[in-house]
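> Provided below for reference: sequence and predicted model.
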Amino acid sequence: NSLFYKTQTGANVADVLTSVIATAASAGINVFDYLNAIQRNKAAVKANPDQWLPWDFKAEK
């Protein structure tokens, strides 16, 4: 699949994002909500990434 990207770096980024999306989907959570929560709470994610894994994610209400 890396043939569809302009650079190797672009392919590497896409690999990571695809993996996160697939993992979140198989954990049964809303992927859009998860990715938005990660962006809104980036300082907390950076401080404690283990608490923000897809299978531990609790959607905000």
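Okay, I see it. Numbers count the residues shown, from 1 in each chain.

> need the contact list for the most centrally placed residue in the chain.
Geometric centre of the chain, nearest residue: residue 20, 3.9 Å, by Cα atoms, centre = their mean. Shown in contact with residue 20 (Cβ atoms under 8 Å, 6 or more residues apart in numbering): 35, 54. Bear in mind the C-beta positions are built from the backbone N, C-alpha and C, glycine included.

> can you tell me the SS state at it?
Of the three states, residue 20 takes helix according to DSSP: H, G, I helix; E, B strand; the rest coil.

> can you start the count at 31 instead of 1 from here on
OK, 31 is where the count begins now, so the last one is residue 50.

> distance of it from residue 61?
8 Å (Cβ to Cβ, to the nearest Å).

> cool, and residue 79?
Residue 79 is 18 Å from residue 61, by Cβ to Cβ.

> more neighbours, the two?
Counted by other Cβ atoms under 10 Å, residue 79 and residue 61 do not tie: residue 61 has more neighbours, with 15 against 10.

> find me the pLDDT at the more buried one, would you?
Reading off the confidence values, residue 61 has pLDDT 94.

> was I right to think it contacts residue 55?
Yes. The criterion here is Cβ atoms under 8 Å, and residue 61 meets it with residue 55 at 5.6 Å.

> for stretch 39-55, buried residues please.
For stretch 39-55, a neighbour-count test (16 or more other Cβ atoms under 10 Å) marks 50, 54 as buried.

> I misspoke; the intended subject was stretch 60-75.
Residues of stretch 60-75 classed as buried: 64, 67, 68 (neighbour count, 16+ other Cβ under 10 Å).

> which one among the residues you listed gets closest to residue 37?
For the buried residues of stretch 60-75, the residue nearest residue 37 by Cβ to Cβ is residue 68; the value is 24.1 Å.

> chain center to the helix or strand bottoming out on mean pLDDT in the chain, what's the gap?
Of all helical and strand segments in the chain, the minimum by mean pLDDT, DSSP states H and E falls on helix 38-56, at a mean of 92. Mean-position distance between helix 38-56 and its chain equals 7 Å (Cα atoms, centre = their mean, to the nearest Å).
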